[in-house]
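Visitor: compute the structure for the input listed below.
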Amino acid sequence: MQFQRFLAAAIFLSVAAVARAQDAPVVKRVEIEGLRIHTPDEVRLKMSTHVGRPFSSETLDQDIRRLFATGWFADVKRSERSIETGAEAVIILEVLENDVLREVRYIGNREFNNEEIAEGVILKTGEYFAPWKVKLDADRIRDKYLAKGYALVKVTPTEASTGKGTIVTMTVREGPRVSVDDIIFHGASALDSGKLLDAMQTKDADIWTLFSPPDFQASMLEADLKALLRYARGEGYLDARIYLRELEWEADRHWVDLHIQVEEGIRYVVDSVDIEGANLFAVNELYRGLKVRPGEPFALVAVERDENWMVDKYREKAYIDADVLAVPRYLAERGHVKLTWKIREGEKVYVGRIDFVGHHRTRDKVLRRELLLLPGEEFNKILLDHAIDRLNGLRYFEPTNQQLFGRAWGPVRDPVIVVEVLPGRQLDERDLLIHVQEGRTGNLQFGGTFSPDVGFSGKLAVTQSNFDLFDFPKSIAELFDGEGFSGAGQVARINLEPGFERSRYEVSFTEPWLFDYPISMTVAGTYSDQDVRYYRERRLGGSFDFGHRWDDFVAPPPGKLGEELAGTFLGGILQGISYAAIHIPGYFLFDDHVVRGYRLDDFYKRNYSIGIGYQLTRITIIDVDDDAPTELLEVEGVNYLSSVTVHSSIDRRNSRVLPSQGFVSSVSYEYAGYPIGGDFDFWKINYRHQAFTTLWTFSAGPLAGGKVIFETDLRGGFAQEHYYSLNVPIFERFYAGGNSLRGFEYRTIGPKERGEPIGGNLMTLASAEITFPIIRPEIMGKDVDILRGAIFTDWGTVSAHTHDFGYFRWSVGIGVRLQIPLGPQIIPLTIDWGIPLRKQDEDERRAIHIGFDFGF
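Guide: Numbers count the residues shown, from 1 in each chain. Just a heads-up that it's a prediction; the model follows:
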């Protein structure tokens, strides 16, 4: 019945529409008046109103809008002479055509040339001229000058219509380039002026801005006033008012002082703190972690920190939907607040499916082994964050602009790795969809290095960091496209460094997860040829190494490698060297954090590794001088060295390029000779520890963000012969000088025979250095210390006997550290000038030490 009614209504409306169409006048003519450039037929082709068709006022309105959209016309309207009623309709449109832009002229511009100004405008020669574009472009040119500090600039546009098109002239009156001389805060008593200045992007002139004074930008100042207000309220001054009081100009208008009025008001104080809705944690446990407590200022920054802390605490326990809300209640007594934390814990959430999308080359297991969460486990926020860091650390991927349809997990909304958190099959499950976009993992680098110690050498290195030994390419094109020999997460490297005084060549292969265990295996072959003062040394060798690295929260898998390794000889060695590496520095402290049954601590959170390796090397000594030391003559010719090395290292630097905090330590024990073969029996220990501390961070001026860094470097070595050898071979002893002890010649510190160094069995070196930024410009969107200064002191000795430290040398000096931009590459250049203060008469001195390494 309903369908019949609907059908009848549709038929009725169709008949009515036909009847209306039959009553409408028929279009007799369509006339276009005012054309100078286009023909009437060109205009009619853009319209739906045609001769012989029924006239529709709605259709004509659409036609007018369509004609405007072409950009041909400045105005289109119906003529009053149009006839739109009766049997026939005559449509007359009156148009005003846009002229063609013939030329854009710029007058008075000196700071920017015509090409630089034209980069930001939308007026283009040869396109149709639209008057609204003129005003827009004038504003854009003005903004370009304002951003450069021309606060008084004026841009006046004029238009001139000619028979061949319109000429637009932009007249620029630049005025002086204005710099900020001083920023004065009035009324700030409790708020520190220095911290207020730190909250601003606008900076005043000081000694650091002598050659590049800060520009005055009104738009930046406006944003700064808002930032100052946020800072004041964040410190608890909720009634604060901050505004620009005065611009004080110098006579020539090149400099301006900013006077900013600060009305602090009273600082709000917390009277009481209540926590509601906490069941998972005891209220006292949450309360102890809060910064904002009764009697403390009601600082919004601290309140936000407390909120984030509590949210993270719940998410660590897999309550990822927990909601924490700070609810202040302002009391009758002005300036007093009662703070209540309202917590909605939600339910514990578990990990459902974990899927990767976007990887067509890399094997799925290569990515999954970097995860610290497994399906069925609790959804732990810390483990997810660190898993994303580990995936980023692979450097297989490039930024992705993947559009998310689920929920992006807060801190892991990353430009490279994007994680979607989606509903799982169960109410308490969440699926993870991890988006990646693969980039190129092969790298070709060529360049050179120079050091007075070993001279100049070229460099050619080919590295594939996502190598697959068994993925043979199906074609030459596939090989060069990166589709062959890739995807298994292995690392293959060929490094060629030919030089005049030293040449070195190496081929290596690393499997980071041997048989899917977190054990790395590296196989390498090397050849080197070096001129060492009074002889020439050639080495040809091969090695293999097994190691394990802890980074973030990685530990051996339960029930497998951990148990199997624990009772073995190899496991005992690894545990012993691990213990030594931990306790020698003396300040690694454990906590009780346990994840998946394993003890975790800060020590394991950044690149801790242990390993054991074997190497067999053929050492050929040739071109020996007639007056060379006796111990060198004993090893002239071909020698074989067979050794096992156990090593351990930890890297807790905050950066590998310019570390400003943390340390890096390494220790190794090498055993050569009996019973593993070779011509020499000895053992050797090497240790090195570098620590970095930031003494000062510049908060303003062109060096803002730059750091004054204090670095200490301790190195030690100890060697001893055993069994059938009477001494440690001369080419395996310790030497110092050159970059290891600045102010002294390379490899000359230590015992000598006939005036030539023969090395020692004990080495102790120490260095302390302070570096500071001198020039810190912005390069490719990032502040870079392209020039740093250095003040250093070196101290150390090399002695023949392990029970005798011998004579210590001491030097001081200054230096510079340059990073020279060359295209996308930055070439590091180091120059040091060392002065010996404590030396022996036979010591060879060298004042200047230079080193650089460049590649493309």
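Visitor: average model confidence for stretch 90-98?
Guide: Stretch 90-98 shows a mean pLDDT of 88.
Visitor: which outside residues touch that stretch?
Guide: Stretch 90-98 is contacted from outside by 27-38, 43, 49, 55, 60, 64, 67, 71-79, 81-84, 128-130, using Cβ atoms under 8 Å, 6 or more residues apart in numbering. Glycine gets a C-beta too; all of them are placed from N, C-alpha and C.
Visitor: same thing but at 6 Å, please
Guide: By Cβ atoms under 6 Å, 6 or more residues apart in numbering, the residues outside stretch 90-98 that reach it are 28-34, 36-37, 73-77, 79, 81-83, 128-130.
Visitor: likewise for stretch 659-672?
Guide: Applying Cβ under 6 Å, 6+ apart, the contact partners of stretch 659-672 are 581, 585, 641, 643-654, 678, 680, 682-692, 694, 707, 709.
Visitor: buried ones in that stretch, by neighbour count?
Guide: Buried residues in stretch 659-672, counted by 16 or more other Cβ atoms under 10 Å: 659-660, 662-672.
Visitor: again, but for stretch 436-452
Guide: Under 16+ other Cβ under 10 Å, the buried positions of stretch 436-452 are 436-438, 441, 447-452.
Visitor: just the residues you listed: which are in strands?
Guide: 447-451 (DSSP state E).
Visitor: about what we covered before: I'd like to know which of the contacts of stretch 659-672 are buried.
Guide: Buried, going by 16+ other Cβ under 10 Å: 581, 585, 641, 643, 645-653, 678, 680, 682-684, 686-692, 707, 709, out of the contacts of stretch 659-672.
Visitor: give me every residue that touches residue 248.
Guide: residue 257.
Visitor: adjust the sequence numbering to begin at 56 for everything that follows.
Guide: That works, and once the first residue is 56, the last one we named lands at residue 303.
Visitor: okay, the strand or helix carrying it in PDB with CA atoms only?
Guide: Residue 303 is located in strand 296-304, with elements delineated by DSSP states H and E. Presented in PDB, the C-alpha positions along strand 296-304 are these (Å, rounded to 0.1, in the frame of the first residue of the first chain):
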ATOM      1  CA  ARG A 296      48.000  40.600  32.600                       C
ATOM      2  CA  ILE A 297      50.900  41.200  30.200                       C
ATOM      3  CA  TYR A 298      50.900  43.700  27.400                       C
ATOM      4  CA  LEU A 299      53.100  45.900  25.300                       C
ATOM      5  CA  ARG A 300      53.500  49.200  27.100                       C
ATOM      6  CA  GLU A 301      55.600  51.200  24.700                       C
ATOM      7  CA  LEU A 302      57.900  51.000  21.600                       C
ATOM      8  CA  GLU A 303      60.800  53.400  22.300                       C
ATOM      9  CA  TRP A 304      62.400  54.200  19.000                       C
END
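Visitor: list the strands paired with that strand, with their directions.
Guide: Using DSSP bridges, the strands paired with strand 296-304 are strand 310-318 (antiparallel).
Visitor: any idea of the mean pLDDT for the strand it pairs with?
Guide: Rounded mean pLDDT across strand 310-318 is 94.
Visitor: quick one: contacts of that strand?
Guide: Here strand 310-318 has contacts from 233-234, 236-243, 271, 296-298, 300-304, using Cβ under 6 Å, 6+ apart.
Visitor: how is the chain carved up into domains?
Guide: Residue ranges for the domains of the chain, per automatic domain parsing: 57-152, 156-228, 234-318, 324-399, 407-490, 597-751+778-786, 788-805+815-911.
Visitor: which of the ones you listed sits closest to residue 516?
Guide: Comparing the domains of the chain by their distance to residue 516 (Cβ to Cβ), the top pick is domain 788-805+815-911, with 7.6 Å.
Visitor: tell me the mean pLDDT over the closest one?
Guide: For domain 788-805+815-911, mean pLDDT is 85.
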